[in-house]
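Asks: sequence and predicted model, in that order:
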Amino acid sequence: MEISLQQLSQCLQRNLAPMYLISGDEYLLVDEALTFIRETAKKHDFTSRESFTVDKNFDWQFLASLLNNLSLFADKSLIELKISNNKLNNLSSKILQNYAENPASDKLLIIITDKLDAATKKTQWYKSINQSGISITIWKLDQKQFLSWIINKLKKCKITLDTEGISLLYDYVEGNLLAASQEIEKLKILYGSVKITTEELLKSITESTEYNVYDLMECALLGDISKIIRILKHLRDEGFEPAIILWAITRELRNLITISLKTQKGEDLEQILQQQRVRPNQKIAIKKVVQEQKLTRLEKILISTSKIDFTLKGAYDGDVWTEIEQILFTIATGTHDNC
């Protein structure tokens with residue numbers, strides 16, 4: 001029977017099949033599926049485990065003997081077979097087919113392969129495995145599934161991020177599951193199992209660089225153009241993701257617009273900054289921007305960031321780094337076309 005990774009947990013709760021075939025190129029998800037099966041097998045008294053990697057010198061006759069010999073001590077064994085190129089010869093295909101047609105009760109065979117092509121799925125050995133066991137095809141996650149995976153991973157690590165933080169993490173890892181997993185593990189090491197603020201997440205993301213996006217925004221707010229150029233060059237040379245810089249810029253602009261709206265309603269600026277927990281070294285810069293730049297100017301700058309987002313997504317042609325630099329210059333100089 002063919003199932004998806006999402007169906008595996010439910011299938012394992014019902015019963016344990018005599019053999020499983022896990023295929024796909026998302027190696028982290030392949031490993032998750034393997035872990036699920038191992039844990040369930042342990043609960044069913046499969047206490048021993050042997051793992052084999054197939055290469056050109058692999059002894060298929062030894063595997064056949066191992067699979068078909070009953071244990072003298074009635075131990076149930078888990079046998080894992082990793083096949084990297086998916087190409088089986090006549091002998092190996094026949095051994096797997098024969099075993100699938102008559103699997104041993106004291107053995108659990110798990111075959112792990114790369115993504116299988118259509119031709120392989122038409123072979124008799126694959127069909128035989130589907131008849132007596134279960135095959136799990138691992139597909140690349142779409143955006144909704146990827147976000148769900150991030151949320152579940154955070155939950156397992158007992159880490160809480162708000163919606164904004166989850167969105168930032170998603171943009172940062174660019175669909176790379178391994179990068180997402182490593183970043184979440186790093187958060188756990190840095191902060192433990194707690195609620196993590198967006199600022200702490202940004203710090204974790206940028207801690208390997210000499211400058212971070214907060215330095216960049218502070219320079220823009222203070223009008224330090226020469227330092228903006230220097231920091232942008234450094235971040236670009238470090239391979240830093242421009243999407244994160246754009247995220248930080250738009251977030252700061254929204255904060256400035258919110259602060260400006262509140263001051264227009266007569267609220268005290270110092271009190272607003274305290275409520276928003278603005279860092280001391282940013283207060284002077286924010287006060288200067290709010291007092292000197294019109295609200296409509298800030299709103300137009302925010303709207304203009306959408307073009308950079310479209311450029312990042314390939315909808316527009318252009319150099320993203322140059323466009324980000326121009327936005328920062330606009331904030332720094334306090335000018336904007338048509339204001």
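Replies: Yep, it's here. Bear in mind that the values here come from a model prediction, so they are computed numbers and not experimental data. Residues are numbered from 1 along each chain as shown.

Asks: buried residues, stretch 33-46. List them.
Replies: Neighbour-count burial for stretch 33-46, with 16 or more other C-beta atoms under 10 Å as criterion, is recorded at 33, 34, 36, 37, 40, 41, 46. Any C-beta I mention is one placed from the backbone N, CA and C, and that applies to glycine too.

Asks: is it possible to get JSON lines of these that adds distance to residue 11?
Replies: Output for the buried residues of stretch 33-46, formatted as JSON lines (distance: C-beta to C-beta, whole Å):
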{"residue": "33", "distance to residue 11": "11"}
{"residue": "34", "distance to residue 11": "15"}
{"residue": "36", "distance to residue 11": "10"}
{"residue": "37", "distance to residue 11": "10"}
{"residue": "40", "distance to residue 11": "10"}
{"residue": "41", "distance to residue 11": "13"}
{"residue": "46", "distance to residue 11": "17"}
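
Asks: which of those residues fall within strands?
Replies: residue 46 (DSSP state E).

Asks: which one of the buried residues of stretch 33-46 is nearest to residue 19?
Replies: Proximity of these to residue 19 was ranked by C-beta to C-beta; the top entry is residue 37 with 10.2 Å.

Asks: surely that closest one and residue 112 touch.
Replies: No. Between residue 37 and residue 112 there is no contact under C-beta atoms under 8 Å: 10.2 Å.

Asks: overlap of the contact sets of these two?
Replies: Residues touching both residue 37 and residue 112 by C-beta atoms under 8 Å, 6 or more residues apart in numbering: residue 22.

Asks: show me where the stretch 101-250 of the chain has strands.
Replies: Remark: strands assigned in the stretch 101-250 of the chain by DSSP state E, counting those that start in this stretch are 107-113, 134-138.

Asks: for the first one, the averaged confidence score.
Replies: Average pLDDT, strand 107-113: 94.

Asks: and what of the last one?
Replies: The pLDDT scores in strand 134-138 average 93.

Asks: that one pairs with which strands, parallel or anti?
Replies: Strand pairing for strand 134-138, using DSSP bridges, gives strand 2-4 (parallel), strand 19-24 (parallel).

Asks: the first one now?
Replies: When pairing is defined by DSSP bridges, strand 107-113 lines up against strand 19-24 (parallel), strand 76-83 (parallel).

Asks: list the contacts of the longest one.
Replies: It stands for strand 76-83. 34, 38, 41, 44-54, 63, 66-67, 71, 106-114.

Asks: just give me how far it sits from the chain centre.
Replies: Distance of strand 76-83 from its chain centroid, counting by C-alpha atoms, centre = their mean, to the nearest Å, is 29 Å.

Asks: re the thing from before, and the strands of the stretch 101-250 of the chain, which is most packed in?
Replies: Of the strands of the stretch 101-250 of the chain, the one with the most neighbours on average (mean count of other C-beta atoms under 10 Å) is strand 107-113, at a mean of 23.

Asks: chain center to the strand or helix carrying residue 310: distance?
Replies: Element membership of residue 310 [criterion: DSSP states H and E] is helix 295-312. Taking C-alpha atoms, centre = their mean, one finds the center of helix 295-312 at 27 Å from the center of the full chain.

Asks: and stretch 179-189, by the same measure?
Replies: From the chain centre to the centre of stretch 179-189 is a distance of 10 Å (C-alpha atoms, centre = their mean).

Asks: pLDDT on it, on average?
Replies: 85.

Asks: mind listing what's buried in it?
Replies: Buried residues in stretch 179-189, counted by 16+ other C-beta under 10 Å: 180, 181, 183, 184, 187, 188.

Asks: my guess is the third one meets residue 173, correct?
Replies: Yes. Contact criterion C-beta under 8 Å: residue 183 and residue 173 qualify, at 6.3 Å.
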